[in-house]
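Novice: Next come a sequence and a model predicted from it.
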Amino acid sequence: MTANMQGKVALVTGASGGIGLATARQFAEAGASVVLSARRTELIAEEAARLTDAGYSALAVPADVTEEEQVAALVARTVENFGRLDYAVNNAGVIADRVAAHEITNKDWDWQISVNLTAVWLSMKYELAQMVQQGSGSIVNLSSVAGLRAAPGLAAYNASKHGVVGLTKGTGVEYAAQGIRVNAVCPGWVETPMTAEFGSDPERRKMMIESEPIGRTAQPEEIANTIFYLCSDAASFITGEAIAVDGGMTS
């Protein structure tokens with residue numbers, strides 16, 4: 001979809017590839033100034049340079065969103081450079097190999113909860129503070145179909161993504177009267193670097209495709225379309241929702 005976002009500012013985490021990069025590009029093409037953030041410094045710098053060379057307004061700001069000081073600095077730099085924050089997309093995430101719940105190590109549990117859930121809360125903490133000052137804003141958090149239903153062998157991932165849905169619903173209600181909307185997108189299998197690694201085994205790849213009633217995996221741009229819509233004025237009456245974009249998996 002298209003919308004005029006001239007004068008608006010968007011921050012996207014996990015923007016070095018996949019859904020995050022596709023979303024950042026869509027914001028830029030709609031006229032928004034875009035901050036691309038991820039831990040992969042070189043990748044986001046290259047992507048921001050490509051957008052700038054194409055005539056768009058883009059800035060790369062490296063950050064580890066599990067570290068509160070870096071998150072605070074990320075939002076502060078966004079506002080210092082562009083004066084405000086209209087849209088925030090909390091996209092950074094990880095997934096581990098399937099393992100029985102009783103065999104998950106404390107290290108793997110803490111890692112998935114930290115990146116997939118705690119980092120979303122940390123990001124929102126500073127994004128919301130800025131948006132409260134402005135009296136407006138829209139946040140989209142990336143959950144998963146695993147945030148809407150169970151996936152065997154992925155207990156930690158399930159827990160983290162269900163947590164994102166709960167956090168989204170709670171804050172969506174809490175900040176609605178202040179002109180701030182908070183929603184979540186719950187994708188099915190998407191062609192991203194993360195899922196490419198997860199699906200590198202042929203049998204697992206077959207499982208991914210067969211689990212999609214639509215008969216294929218999604219392209220990142222298909223998820224970005226929904227994120228963009230939720231941030232736009234076209235979704236002005238939607239908040240606290242977790243929307244599945246999953247080819248029918250949860251139907």
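Specialist: Arrived safely.
Novice: what's the neighbour count on Asp110?
Specialist: The number of residues packed around Asp110, counting by other CB atoms under 10 Å, is 12. Any C-beta I mention is one placed from the backbone N, CA and C, and that applies to glycine too.
Novice: any idea how far Asn90 is from it?
Specialist: For Asp110, the distance to Asn90 equals 19 Å [CB to CB, to the nearest Å].
Novice: Next up, identify which helix or strand the nearest residue to Ala156 once chain neighbours are set aside is on.
Specialist: Using CB to CB, 6 or more residues apart in numbering and skipping residues adjacent in sequence, the residue nearest Ala156 is Gln112, 4.3 Å away. Gln112 is part of helix 106-113, with elements assigned from DSSP states H and E.
Novice: Go ahead and name everything in contact with that helix.
Specialist: Helix 106-113 has contacts (CB atoms under 8 Å, 6 or more residues apart in numbering) with 94-96, 99, 156-157, 159-160, 163.
Novice: Following the chain past that helix, name the next helix or strand.
Specialist: That would be, after helix 106-113 and using DSSP H and E, helix 119-134.
Novice: and that next one, which residues are buried?
Specialist: For helix 119-134, a neighbour-count test (16 or more other CB atoms under 10 Å) marks 119-120, 122-124, 126-128, 130-131 as buried.
Novice: Then stretch 93-112?
Specialist: So, applying 16+ other CB under 10 Å, buried residues of stretch 93-112: 93-96, 104, 108-109, 111-112.
Novice: Looking at those residues, which is nearest Gly179?
Specialist: Gly93 (27.5 Å; CB to CB).
Novice: Hmm, Ile214 is touching Gly247, no?
Specialist: Yes - the criterion here is CB atoms under 8 Å, and Ile214 meets it with Gly247 at 3.5 Å.
Novice: ok, the two, which is more surrounded?
Specialist: Ranked by neighbour count (other CB under 10 Å), Ile214 and Gly247 place Gly247 first, with 22 against 12.
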